[in-house]
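In: Okay, sequence plus prediction incoming.
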Amino acid sequence: MAIETILQHEVLAKFAYPFLLIFFIVFAVLEKTKILGDDKHQINALVAFVIGLIFVGALQPKIIVSNLILFLTVALIVMFVGLLLWGFVTGGELKVPVESKGLRWTLGIVILFAVFLATLWAMGIWAEFFDLLFNQPWSRSFWTNFVFIIVVVVALAVILKTAGKSGK
């Protein structure tokens, strides 16, 4: 049996957290937009309070907001990891400059791919994803053709780039 902390209690998770989230968001929007007028902090707080209470009384909006908040937190962490890796590659505190634009693009794609694979691993669906791509009846011929096309495209790009430089 999992140990439940006070922060995971049902009253907090199903009522207090959603209420506080909606209250603070509505209050901030009312304060910023000044819909109800300037210096109407008490009225903005009361309106936000009532909207928060109505929100926690309804089940479906709470489920939707909970799912969106969970998605937001996971997406923020994934973006943070990607940007942290990008900062390491392009010269954050270590000042490792990447001068070549092509190298920056290549490193960016590698980082994006690594973060994608790490996210699949963290979600626990890496094995299913790997099986979908590589353990199918069609996968051997597909990947052989895919690699062949990539080699041809890279060879053509190198040839066209060198031909363009020698023609100038």
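Out: Looks like it came in fine.
In: For the rest of this, base every contact and every neighbour count on C-alpha atoms.
Out: Fine.
In: as a whole number, average confidence for the one helix or strand residue 24 maps to?
Out: Using DSSP states H and E, residue 24 sits in helix 17-33. For helix 17-33, mean pLDDT is 94.
In: send the alpha carbons of that helix over as CSV?
Out: Taking Å, rounded to 0.1, in the frame of the first residue of the first chain, the C-alpha atoms of helix 17-33 are listed here in CSV:
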residue,chain,number,x,y,z
TYR,A,17,-5.9,22.8,-5.2
PRO,A,18,-8.4,23.2,-8.0
PHE,A,19,-10.1,26.1,-6.1
LEU,A,20,-6.9,27.9,-5.4
LEU,A,21,-5.7,27.5,-9.0
ILE,A,22,-8.9,28.9,-10.5
PHE,A,23,-9.2,31.6,-7.8
PHE,A,24,-5.7,32.9,-8.4
ILE,A,25,-5.9,32.7,-12.2
VAL,A,26,-9.3,34.5,-12.3
PHE,A,27,-8.1,37.1,-9.8
ALA,A,28,-5.0,37.8,-11.8
VAL,A,29,-6.9,38.1,-15.0
LEU,A,30,-9.4,40.5,-13.3
GLU,A,31,-6.6,42.6,-11.8
LYS,A,32,-4.7,42.8,-15.1
THR,A,33,-7.6,43.6,-17.4
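In: Quick check: phi and psi on residue 35?
Out: Main-chain torsions, residue 35, degrees, to the nearest 10: phi -60, psi -40.
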